[in-house]
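*Asks:* Pasting the sequence and the predicted model now:
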Amino acid sequence: MNRPSDERSPGTDTWWGMLRSAVKRSVWERPAFSGSWVIEGRPGRPLDSRENRFVRTELISMHGGERRLYHIAPSEYYMDRKRIEAVTRTISEMAEHPPPPGLMDDQEGLQSYMERSCSRLISRTCDLDPEEDVPLLARLCAQYSSGFGVLEHLLRDERVQDIYIDPPPGITPVYVSLGGMGDPELEGTYPTNIILSVKELERIVSLLRYSSGRPFSESTPVLECDMPLHKARATVVSPPMSQNGLSMALRKHSHDPWTLLRLVSVRALSPCMAGFLGLCIEGRSTMLIAGSRGAGKSSLLGGLLFEVDRAQRIIVIEDTPELPVNQLLEHGYKVLGLTVGQGKASTPESALRTALRLGESVLVMGEVRGPETRVLYEAMSAGTAGSSVMGTFHADSAKAVYKRVVDDMGVPPGSFSATDLVIVSGLVRPKGRKARLRRVMQVSELVKKGRPGRFRDLFSYDPGKDLAEPTDTLPTSQVLKRTGRMWGMSQEEMLSELSLRTRIFEEALSFLGGEAVKPGSAVRTSEAFREARENAARGGWLDDHGRTISEWRSRMEGDDR
């Protein structure tokens, strides 16, 4: 179906010119029930291709590899007339029988209700295969009525991390950011062959506004809300703030949570750093993870939580649920998640005060940024924060963290001394390549004597190796020394302990292979190590790394059986 004449043409827009020169005859497809257009044709060579019952997605190289396009071919856009009419008629009939009001603010419940209702209606009114056609068409009815239309194909793709719709609608293509690819060179931000009409974008925004219950108008032109069904966060901006029309960004949370083992497997950090951070968690250190947006702060913090002993309780305070609370619960961790902020009864500082009264726990602040910062440092300084304390922070270095906390937020320098480590995540482009890779750039410990605000780098990023390497100060780390005093171990024994944990991460990658990316693999690795290490400590052969690793391996193999 060619694009209708009443839709404005992108004209000489860079994206449109690129696509038009690659596709000799541009055809715009849209079934009657959808408000989004997709452009037919494969204007280049596929670099990556995936296909399932619902959609085929390809990352296409155009213009000799200079440009790339995320191309989708949704199955519903190429169905026969009989099935298209069935979906269109069912959506129209359902519009006359709206769902119960209580479901409108429950995306998951609403989608489930719509699929069941549409399935019954299609079964009664259409002569279609009940096993093959009805479930597929019922899902499409829900997707294009109470759901997010063609965008759901992007939301279900685990490689898509961000979705952008920039103004003006009806002209500008949807863009996606891809990550977690098998080949990091394929990661980046690319245009798609999807164009949302003005009406479709307005429908999606209305759905977000209604389900969130938050105001959105000329006087309140920014809407931020969660999309729990798709594990994403939406930000919408309207005029007059967005001059050329509605703008929307969807930020997805990782389907499979990151663990330290998985981060090591993609070279975001080294086995030595992973061993060190795991050791610091067991030593109840206080850690702030700093970095810019998209640098991987929450991924690293979530990975650290899988290193907590499952005998301990974890309290997580977030205004936007991003940390893997549910996945931790599924793997036997004791986690209490507290959601605070806009639209919630509790503020971050009141939730923090409540958490401090709940007894000793690993305390996690999803993002440290407001009045709760003073409350947090008061608790840490007084020793009432209990076990390890962790949180993320928007800053690009350890010194920048200190400046913001002390100078901007008014935390006394003496209180800031409760901080043990600042870990900085960043984005790098090795050798100037297009791919932006997440790396831990710096691990610094606070010097607690002498002039306030001084740090010692324990790990520092080496561009030549594309990895943060241990510095000469690591062997004299005060964090290791303090943990050693708690455990009755000398500094030499602590360095030996670090060496053992480093080897465990190396051995785990070799032993698990592709399974190393799964959270269950990280849990197995940690639990087997704790058991093997406990036996070694009791037996008096903790310094025999070969024997400890052999016992760890036998426990891992026992799990496999």
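*Replies:* Cool, the structure landed.

*Asks:* mind listing the helices for the stretch 151-300 of the chain?
*Replies:* 151-155, 198-212, 260-265, 271-282, 297-305 (DSSP state H, counting those that start in this stretch).

*Asks:* By residue count, which strand of the protein is the longest?
*Replies:* strand 437-446 (DSSP state E).

*Asks:* Where does pLDDT dip in the protein?
*Replies:* Residue ranges of the chain with pLDDT under 70: 1-27, 63-66, 103-105, 255, 341-345, 381-386, 433-434, 559-561.

*Asks:* Next secondary structure element downstream of the longest strand of the chain?
*Replies:* Next helix or strand after strand 437-446 toward the C-terminus (DSSP states H and E): strand 455-462.

*Asks:* could I have that following strand exported to PDB, CA atoms only?
*Replies:* Extracted in PDB, the C-alpha atoms of strand 455-462 (Å, rounded to 0.1, in the frame of the first residue of the first chain):
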ATOM      1  CA  PHE A 455      41.000   9.300  46.800                       C
ATOM      2  CA  ARG A 456      43.400   6.500  45.800                       C
ATOM      3  CA  ASP A 457      42.700   4.700  42.500                       C
ATOM      4  CA  LEU A 458      42.700   0.900  43.000                       C
ATOM      5  CA  PHE A 459      41.700   0.200  39.400                       C
ATOM      6  CA  SER A 460      42.100   2.500  36.400                       C
ATOM      7  CA  TYR A 461      41.000   2.100  32.800                       C
ATOM      8  CA  ASP A 462      43.800   1.200  30.300                       C
END
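
*Asks:* buried sites along the helix or strand following that strand?
*Replies:* Reading on from strand 455-462 to the C-terminus, the next helix or strand found by DSSP H and E is strand 467-470. Of the residues in strand 467-470, L467, A468, P470 count as buried by neighbour count, 16 or more other Cβ atoms under 10 Å. All C-beta spots, glycine's among them, are computed from the backbone N, C-alpha and C.

*Asks:* What of stretch 452-460?
*Replies:* Of the residues in stretch 452-460, those buried (16+ other Cβ under 10 Å) are G453, F455, R456, D457, L458, F459.

*Asks:* The third one pairs with what?
*Replies:* In this case it means R456. Counting by DSSP bridges, R456 forms beta bridges with E445.

*Asks:* what's the burial count for I122?
*Replies:* Per other Cβ atoms under 10 Å, the neighbour tally for I122 reads 23.

*Asks:* oh, and call the first residue 109 from now on, that's how I've got it
*Replies:* Fine by me, first position is 109 from now on; the one you just mentioned is I230.

*Asks:* Distance of it relative to L244?
*Replies:* According to Cβ to Cβ, to the nearest Å, I230 and L244 sit 10 Å apart.

*Asks:* Pretty sure V306 sits against P277.
*Replies:* Yes: the criterion here is Cβ atoms under 8 Å, and V306 meets it with P277 at 4.8 Å.

*Asks:* More neighbours: these two, which one.
*Replies:* More neighbours surround P277 than the other of V306 and P277, with 20 against 16 (other Cβ under 10 Å).

*Asks:* From what I see, the more buried one and V313 are in contact.
*Replies:* No: taking contacts as Cβ under 8 Å, P277 lies outside contact range of V313: 10.2 Å.
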